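Student: Provide a 3D model corresponding to the input given below.
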Amino acid sequence: MNRLLVVVIFFTLSVRAEGACFTIANETRLAPVGSFPAWSPDGSTIAFTADIDTDKPEIYLVTVDTRDILGLTRSFDGATNPTWSPDGQQIAFRSRGRPSRLHIIARDGSSEREVPGAPSGSSDFEPDWSPDGSRIAVVSNRLGEMGIITVDPVTGEGERWSSERELKLDQPAWSPNGTTIAAVGGGVFQGEIEGRLYLLHGPGQAELIARGVGYQWPHWIDDGRAIIYSYLRRSTFRPGVIEVDNGIECEAGPEWGGRANPIVSPDGQRVVFSGRDGEEFDGLWIADLIRSPSAVGEQSWGTLKREHVKMDGQPRPAIRIPSASKPMIVNP
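Tutor: Numbers count the residues shown, from 1 in each chain. Reported below is the predicted structural model:
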């Protein structure tokens, strides 16, 4: 059995993070309920999950300018986790049957089909369509063990990128250039519960870029230079941003209220997210996303740890970071 090698770099960073952060401003409610939003490639429409006029979640479309809401799916067990094809003509989603399966439907609600190739008893979760349209990343056990795989939307042919045996990852998100998948992991590490944010650079290659409490719903922004996500703070999800190259993180919203699953528009100017008031989600919200270096200012992040993991048992080259101490190899 291959052993998991981890390259660990300890360093202290105190910087003024010019351009490192974004802030959310001018929030307005887009829909009375909603979760798992996804922008259409042209930025005109948002697909989301809600139970507006049914007793189970379905996929709806809301027009950003007019706020008109249209039901897209009407399935027996419900539907969730919509993701758009790059041409904006189709939406892939998770059918909530038992087992859960990957489906594709046309934008006008016609031609719904199940993506083939799923063995009996297998399940699909959390799909994300690649920028070139050739693959859909999904958490699935189609290939045996549960993990992140990429699936051909026509044939269902799959390729494994991760497995739970080596590293449990969820919520895959393609980078804009289609070469990397961001994903989240979590669990108990050295006796403490924490969340982790990873980059998958290909099948079996994972780089840990952030660790903390409750990382959720990563989404690439700023042409792939940064990732916006939700994290858990004081029992409430808040938006955060991390720069991919240097690991600098900051909050992207005010202290009050909850903001889960922030997804940025194709032009990078707006963000949609699920609002949360106490224990309940209180609708789908839209806001401006403003580059705000002053939102970070002078920050002392203390001792940070970057780990570079390669799941075939070989260490990845350490990223060169100014003032970083000599990397050390750890065999857990």
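
Student: C-alpha only now, for contacts and for neighbours.
Tutor: Noted.

Student: any low-confidence regions in this structure?
Tutor: Residues of the chain that meet the criterion pLDDT under 70 lie in 1-20, 187-193, 213, 234-235, 253-257, 276-281, 292-332.

Student: In contact with the spatially most central residue of it: list those residues for me.
Tutor: Nearest to the geometric centre of the chain sits P218, at 3.0 Å (CA atoms, centre = their mean). Counting by CA atoms under 8 Å, 6 or more residues apart in numbering, P218 touches Q171, P172, A173, A182, A183, V184, I227, I228, Y229, S230, N261.

Student: Just the ones in helices from the residues you listed, please.
Tutor: Counting by DSSP state H, none of the members of those fall within helices.

Student: which among these gets closest to L200?
Tutor: A182 (6.1 Å; CA to CA).

Student: Okay, and the beta partners of that closest one?
Tutor: Counting by DSSP bridges, A182 is bridged to A173, L199.

Student: I'd like to know how many residues surround it.
Tutor: 25 (other CA atoms under 10 Å).

Student: Distance check, it against T73.
Tutor: Per CA to CA, to the nearest Å, A182 is found 28 Å from T73.

Student: The spatially closest residue to I227 that is not a sequence neighbour: which element?
Tutor: Once flanking residues are discounted, I227 sits nearest to W220: 4.4 Å by CA to CA, 6 or more residues apart in numbering. Per DSSP states H and E, W220 falls inside strand 216-221.

Student: List the strands paired with that strand, with their directions.
Tutor: Counting by DSSP bridges, strand 216-221 is paired with strand 226-233 (antiparallel).

Student: How about the contacts made by D170?
Tutor: D170 makes contact with E126, V139, G147, I148, A183, V184, G185 under the criterion CA under 8 Å, 6+ apart.

Student: among the residues you listed, which are in strands?
Tutor: Mapping the contacts of D170 onto strands (DSSP state E) picks out E126, V139, G147, I148, A183, V184, G185.
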